[in-house]
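> quick one, fold the following:
(one chain, ligands or ions: 2)
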Amino acid sequence: MDIFLTGGAGYIGSHTCVELLNAGYNVTVYDNLSNSSQESLKRVEKITSKKIRFIRGDIKDEQKLISSLSGMDAVIHFAGLKAVGESVLKPLEYYDNNTAGTITLLKAMQKKEVKKIVFSSSATVYGEPLFLPLTEEHPLRVTNPYGQTKLMIEEILRDLYKSDDSWAISILRYFNPVGAHKSGIIGEDPQGVPNNLMPFISQVAVGKRDELNVFGDDYDTPDGTGVRDYIHVVDLAKAHVKALQILDKPKCEAINIGTGNGYSVLEMVKAFERASGKKIAYKIMPRRDGDIATCYAKAQKAKEMLGWTAQKGIEEMCEDTWRWQINNPDGYKSTNA
Ligand code: NAD
Ligand code: WQD
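Residues are numbered from 1 along each chain as shown. Ligands and ions are numbered 1, 2, ... in the order given. Sure, this is the predicted structure:
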């Protein structure tokens, strides 16, 4: 089967390429490289000893999509901008790239009769939890333009399925992806100051940053710091392979991809210290705007529908992040892979 990965050169996409190639799929990556480099794909080829077809293209370019989609059986749609804070400052860029870009992709798919898609959604669509763990039935209420683009795309996909029930659509709501491939040669490569906790911690451990700012220690959580459901990116990548397999029949399903367990910021700091043998200096800062206290998944639907459950715990998440960080202190700009 031929799989078309928009945004496939990025963090989650590159790890998914590995799992798809290992499972025997042919992989085409379509990416404008706005937040990635082709080096990630070269390294995927090294890990798997298999070839990737790469097309440099934008999801807003319908003509290029139409020509590129020839012969494809299904799409995994990762392409998108993902920084919550930036989305508040540049909402039009986010709506244009993520929402308008997805509409263009779906139109091209419709024209080419490629009607199978796995979409990267996010637990951010649940907003401030009304109850925990978060089930897929939890009301959807977003608090920032990034989250709004994810929710809008979900609604567009549901409407598309209502209008034409020959589509097969898996909407995966990721919780907090972290970690890296065991080889230590692919991983998360944030540009500039990392927004997310794990890459920030690992840059402190490797000496690129002095200390971690812990955003709030007065939440209603066991140690006062925010609690999240961290999911190893390789587990997440494997969920995509499973999600493709259920697209043999028409459907439109949203599925949580998390472990079902929550860990606090300070628990993650301690776990990273154990994995790296380094002390992580931190200071307590005020809460970050828009943050919630606690967020974790009910992961039952993924088990039932996909036959998938997360296998890797926070020790492995930290060890694998550390291996990637120490081998590639400057991400893909490092040359020692
Ligand atoms: P990433 O930035 O590493 O990967 C996204 C890729 O999309 C990049 O390679 C980028 O160059 C490409 N891209 C962006 N706009 C494009 C466009 N217009 N045309 C073609 N390519 C384009 O991000 P990631 O962490 O791998 O995330 C992948 C997807 O998962 C995103 O849609 C993101 O919103 C979603 N997601 C990520 C997280 C997370 O914490 N990493 C959590 C939930 C959901
Ligand atoms: C985790 C915890 C922070 C950084 C975001 C997006 C979400 C999804 C995943 C895309 C929180 C604390 C963080 C730091 C800290 N992305 N923290 N110091 O906010 O749960 O989710 O990424 O879809 O949409 O909102 O993840 O890693 O930023 O934060 O104390 O320097 O770490 O306050 O409690 P978050 P995160």
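> who in this structure is up against ligand 1?
Residues of the chain found near ligand 1 (Cβ under 6 Å from any ligand atom) are 6-7, 9-13, 31-36, 58-60, 78-82, 97, 101, 120, 122, 174, 177. To be clear about C-beta, it is placed using only N, CA and C from the backbone, and glycine gets the same treatment.
> and the residues you listed, which of them are buried?
Taking 16 or more other Cβ atoms under 10 Å as the criterion, what is buried in these is 6-7, 9-13, 31-32, 35-36, 58-60, 78-82, 97, 101, 120, 122, 174, 177.
> how about the helices in the protein?
Along the chain, the stretches classed as helices by DSSP state H are 11-22, 39-48, 62-68, 84-89, 91-94, 101-111, 145-163, 197-205, 233-245, 265-276, 300-301, 314-327.
> mean confidence score for the longest one?
What it means is helix 145-163. Averaged over helix 145-163, pLDDT sits at 98.
> count residues in the vicinity of residue 156, would you?
Residue neighbour count, defined by other Cβ atoms under 10 Å, stands at 15 for residue 156.
> my guess is it contacts residue 102, does it?
Yes. Counting by Cβ atoms under 8 Å, residue 102 is a contact partner of residue 156 at 6.9 Å.
> how about the nearest residue to residue 249 once chain neighbours are set aside, what does it touch?
Computed as Cβ to Cβ, 6 or more residues apart in numbering, the closest residue to residue 249 that is not its neighbour in sequence is residue 168, at 6.5 Å. Contacts of residue 168 were listed using Cβ atoms under 8 Å, 6 or more residues apart in numbering, and they are 115, 116, 117, 246, 247, 248, 249, 250, 251, 252.
> just the pLDDT at the residue in the chain that ligand 1 sits nearest to, thanks.
For the chain and ligand 1, the shortest gap (Cβ to the nearest ligand atom) falls at residue 10, measuring 2.0 Å. Taken from the predicted model, the pLDDT recorded for residue 10 is 98.
> hmm, back to that, can you add distance to residue 256 and give the helices of the chain back as TSV?
Putting the helices of the chain into TSV (distance: least, Cβ to Cβ, whole Å) gives the following:
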stretch	distance to residue 256
helix 11-22	15
helix 39-48	26
helix 62-68	29
helix 84-89	19
helix 91-94	23
helix 101-111	20
helix 145-163	13
helix 197-205	20
helix 233-245	10
helix 265-276	20
helix 300-301	6
helix 314-327	18
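> let me know which of those is tucked in deepest.
Per-residue neighbour counts averaged over each of the helices of the chain give the maximum for helix 11-22, namely a mean of 25 (mean count of other Cβ atoms under 10 Å).
> that one packs against which elements?
Other helices and strands packing on helix 11-22, by 3 or more Cβ pairs under 8 Å, 6 or more residues apart in numbering; DSSP states H and E, are strand 2-6, strand 26-31, helix 39-48, helix 233-245.
> got the contact list for the residue nearest to residue 36 when sequence neighbours are not counted?
Using Cβ to Cβ, 6+ apart and skipping residues adjacent in sequence, the residue nearest residue 36 is residue 9, 4.0 Å away. The contact partners of residue 9, taken as Cβ under 8 Å, 6+ apart, are 29, 31, 33, 36, 37, 38, 40, 41, 54.
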